[in-house]
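S.K.: everything below, folded, please.
(one chain, ligands or ions: 1)
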Amino acid sequence: MHNKQVTIPGWLRWVALVAVSLTMFGSYYMYDSVAYVAKDFIELLGFSQTNIGQLYTMYSIAAVIVLFFSGVFIDKYGTRVSMVLFGAICSLAGFVTAFSDNLTIILIGRFILGFGSEPLIVALTVALAKWFKGKELGFALGINLLIGRGGSYFVDRSNTWASSIYDQGWQPVLYLAAGIGLLCFLGGVIYYFIERWTQKRYVLGKAEETEKLDFKGLFKYSPSFWYVVILCLTFYSAIFPFRGFAPTFYQDAHGVSEQMAGKLNSVLIMATMFATPVIGLLIDKIGRRALMMFIGSIIILPVYLMFAYGNMSLYIPVTLMGISFSLIPAVMWPSVAYIVEESKLGTAYALMTLLQQIGVAAMAWLIGVTNDVSGASATNPEGYIPGMWIFSILGFVGLLFSFLLRRAETGPKGHGLEEPSGSK
Ligand SMILES: NCCCC[C@H](N)C(=O)NCC(=O)O
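M.R.: Below you'll find the predicted structure:
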């Protein structure tokens with residue numbers, strides 16, 4: 001069609017955002033869903049805590065593998081094909097995870113999920129860049145993360161709103177997750193048609209970078225970049241695996257009900273859903289990004305020891321974790337754009353996600369093994385303490401690197417992290 005219009009109507013961009021975010025909702029829901037059957041897996045199927053960790057490790061291993069070539073694939077076949085394909089892989093993963101009580105099959109399901117989910121997140125980020133670049137890209141990405149974390153919130157509360165399904169055992173719970181995971185495919189298909197329809201009528205922007213890896217330039221990044229990457233690795237390795245074990249830990253070590261355990265996890269997510277975009281807007285105004293990452297790292301430091309030894313309400317460490325989980329991601333991801341030049345941004349983000357996933361894979365496995373070795377269970381709650389120390393050590397390493405970052409950024413070779421947006 002000739003004479004395509006240049007200005008895409010605002011409503012169309014937001015419709016595309018909703019379609020894209022549906023896939024994120026489905027994928028986040030499935031990622032977290034296994035935490036709520038972990039206790040059944042241990043008590044009814046005889047799985048070990050190591051096996052529970054492996055559910056996350058398998059996801060991350062697949063993510064690491066696929067992130068090596070997903071950028072090239074997305075470049076070659078485009079965002080709409082990628083969204084459908086990776087969305088379909090995610091949806092398939094839900095059913096593979098649910099249909100058998102065999103550990104290997106369940107782990108294959110988790111592997112497939114990681115293989116679909118992480119490139120899906122890359123593809124949707126690239127897609128959103130096409131629609132929103134030069135407009136409200138930061139806000140659109142914030143809304144997208146909010147809806148994605150809505151998936152986590154929804155699963156955290158699922159043993160309340162879907163209690164009748166939980167009463168039927170772990171398998172219907174996983175089928176429910178698989179059903180919700182169909183949103184990944186559905187959202188991808190809806191997005192496919194929206195993009196195709198729009199491209200026939202309007203000039204849709206082209207995202208400049210996809211997240212593909214180019215190891216040649218790896219050693220040219222500044223120390224500040226590596227400080228952020230190490231903080232990303234330690235931070236998410238202390239958050240995602242913890243959330244996976246948390247429902248079982250809260251019940252075994254603190255004697256709370258299954259519903260209460262879900263509620264505690266959900267409070268954490270609910271806080272981040274709304275605080276993250278708000279902090280993002282605030283940081284644009286005041287800068288101080290390295291300082292905020294440092295403060296976020298201080299806040300999370302005592303949390304795991306509070307879980308291990310504290311007698312206070314569990315809401316206190318959960319709230320502290322929620323503040324840190326809002327502060328650090330809201331500041332950390334956009335900070336990379338200040339440190340790394342635009343032409344290397346795709347590689348930088350891919351590398352950061354890849355190392356994040358290596359950290360999560362290793363830590364999920366290590367915590368599971370540690371819990372098994374120390375005999376963590378409802379009859380031996382002290383067995384969870386070594387794992388809490390491992391998380392705390394990670395927190396300390398994160399704090400150290402956030403300090404180094406702050407020091408570098410307040411020196412003569414700073415990249416403008418401490419300045420408001422637009423003053424770089
Ligand atoms: N919650 C599912 C895993 C999401 C992994 C994703 N690569 C990620 O790190 N997202 C950022 C976030 O803060 O959720």
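S.K.: write out the residues of the stretch 251-400 of the chain neighbouring the ligand.
M.R.: 329, 353, 356 (CB under 6 Å from any ligand atom). Where you see a C-beta, it was placed from the backbone N, CA and C, and this is true even at glycine.
S.K.: am I right that residue 313 is in a helix?
M.R.: No. Counting by DSSP: H, G, I helix; E, B strand; the rest coil, residue 313 falls outside a helix, being coil.
S.K.: about what we covered before: among the residues of the stretch 251-400 of the chain next to the ligand, which ones are in strands?
M.R.: Among those, DSSP state E puts none in strands.
S.K.: what's the closest of these to the ligand?
M.R.: The nearest member of these to the ligand, counting by CB to the nearest ligand atom, is residue 329 at 4.1 Å.
S.K.: identify the residues contacting the closest residue to that closest one other than its chain neighbours.
M.R.: Computed as CB to CB, 6 or more residues apart in numbering, the closest residue to residue 329 that is not its neighbour in sequence is residue 276, at 6.2 Å. Remark: with contacts taken as CB atoms under 8 Å, 6 or more residues apart in numbering, residue 276 is in contact with 142, 145-146, 149, 326, 329-330.
S.K.: per-residue confidence at residue 276?
M.R.: Model confidence at residue 276, expressed as pLDDT, equals 80.
S.K.: what do you get for residue 346?
M.R.: Value listed for residue 346 in the pLDDT field: 69.
S.K.: swap in the one 5 residues further on?
M.R.: According to the per-residue confidence, residue 351 scores 85 in pLDDT.
S.K.: counting neighbours, what do you get for it?
M.R.: 23 (other CB atoms under 10 Å).
S.K.: repeat that for the one 3 residues further on.
M.R.: Under the neighbour criterion other CB under 10 Å, residue 354 is assigned a count of 22.
S.K.: ok, it touching residue 64?
M.R.: Yes. Look at residue 354 against residue 64 with CB atoms under 8 Å: they come within range, at 5.7 Å.
S.K.: which residues of this protein score low on pLDDT?
M.R.: Filtered on pLDDT under 70, the chain yields the residue ranges 1-2, 6, 134, 138, 205-219, 342-343, 346, 422-424.
S.K.: now residue 45: phi and psi?
M.R.: Note on residue 45: its backbone torsions stand at phi -100, psi -10 [degrees, to the nearest 10].
S.K.: what do you get for residue 377?
M.R.: phi -170, psi 180.
S.K.: show me the chain divided up by domain.
M.R.: Under the assignment automatic domain parsing, the domains of the chain span 1-212, 214-424.
S.K.: show me what counts as buried in stretch 153-164.
M.R.: 153-159, 162 (16 or more other CB atoms under 10 Å).
S.K.: show me those that map onto helices.
M.R.: 153-156, 158-159 (DSSP state H).
S.K.: tabulate these in CSV, adding columns for distance to the ligand.
M.R.: CSV is the format used below for those (distance: CB to the nearest ligand atom, whole Å):
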residue, distance to the ligand
153, 11
154, 12
155, 10
156, 11
158, 15
159, 18
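S.K.: what about the nearest residue in space to residue 53 that is not next to it in sequence, which helix or strand?
M.R.: The spatial neighbour of residue 53 that comes closest, neighbours along the chain excluded (CB to CB, 6+ apart), is residue 368 at 2.5 Å. Secondary structure from DSSP states H and E places residue 368 in helix 345-373.
S.K.: thinking again about what came up before, which of the contacts of residue 276 sits closest to residue 81?
M.R.: Relative to residue 81, the closest of these is residue 145; by CB to CB it sits at 23.8 Å.
S.K.: can you list the contacts of residue 276 in TSV and add neighbour count, secondary structure and distance to residue 197?
M.R.: Converted to TSV, these look like this (neighbours: other CB atoms under 10 Å; DSSP: H, G, I helix; E, B strand; the rest coil; distance: CB to CB, whole Å):
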residue	neighbour count	secondary structure	distance to residue 197
142	20	helix	26
145	22	helix	26
146	17	helix	26
149	24	helix	29
326	22	helix	36
329	22	helix	33
330	26	helix	33
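S.K.: how far away is the nearest residue to residue 380 once chain neighbours are set aside from residue 382?
M.R.: Distances taken as CB to CB, 6+ apart place residue 374 nearest to residue 380, at 7.9 Å, with adjacent residues excluded. Applying CB to CB, to the nearest Å, the value for residue 374 to residue 382 is 8 Å.
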